[in-house]
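1. Here's my sequence, what's the structure:
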Amino acid sequence: MHLPAMDVGLMDEHLAAHEGILYKLRKYEEIVNDPYVRKLLKDQIIIMMDHVRVMLALLDPERDAWVSLATTNPEVDTALINQSTMNPNLKRIVAELVATSKQMASDNYTSALRMKNDNVKHVHFQMAMQQATFQNYYAFFMEKMGWNVSPKAVLADQAKVVQHFKHLLN
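-> Coordinates of the predicted model:
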């Protein structure tokens, strides 16, 4: 497949990032004992390896066929969450995994908007959704563990915003 230089450059950056992130995920997998987080780490490694496979196939100048992800959005059993886990390092690791997944989702999405080849764009939008799903799962874990505090808005202020913009529906 003969790709635009923009697409090749962006995938070159992505592959370099994947190399470092896959290394980090494997290191985390070695030290994390929590079953929920271990399952997410295993799934994220599998999905990121699929991302590498897809990008290498897209970059192959001899290939002309459409390239698809072999993986879908991850699914995890929330019954695996063990709230009695008291490991301060786990909190730091999961907080970092939220940030990494969020950054990767954002990077894949914004890159897809800039990419020119339809196949390259399509798989990068899918990759963004997969990473956003991991972000949500890790954030859900942090919330269940009581490690994430998101303050709620004052209901009166929230209602004011609705009233202020209700005219847009007319």
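
2. For the residue sitting nearest the centre point of the chain, give its distance to Asn108.
-> Nearest residue to the geometric centre of the chain (C-alpha atoms, centre = their mean): Gln131, 1.4 Å. Between Gln131 and Asn108 the distance is 6 Å, computed by C-beta to C-beta, to the nearest Å. Quick note: C-beta positions are derived from backbone N, CA and C, even for glycine.

3. Likewise for Leu155?
-> Leu155 is 36 Å from Asn108, by C-beta to C-beta.

4. now swap in Ala17 and tell me
-> 10 Å.

5. Test my guess that Val54 contacts Thr71.
-> No. Taking contacts as C-beta atoms under 8 Å, Val54 lies outside contact range of Thr71: 9.4 Å.

6. tally of neighbours for Val162?
-> Val162: 8 surrounding residues under other C-beta atoms under 10 Å.

7. let me fix that: Leu56
-> With other C-beta under 10 Å as criterion, Leu56 counts 13.

8. Can you list phi and psi of Lys27 for me?
-> phi -70, psi -40 (degrees, to the nearest 10).

9. pLDDT score assigned to it?
-> Lys27 is assigned 97 on the pLDDT scale.

10. in stretch 15-28, what's buried?
-> Using 16 or more other C-beta atoms under 10 Å as the test for burial, stretch 15-28 gives His18, Ile21, Leu22, Leu25, Tyr28.

11. distance between the helix or strand hosting the second one and the chain's centre?
-> Put plainly, it is Ile21. Secondary structure from DSSP states H and E places Ile21 in helix 5-31. Helix 5-31 has its C-alpha centroid displaced from the chain centroid by 12 Å (C-alpha atoms, centre = their mean, to the nearest Å).
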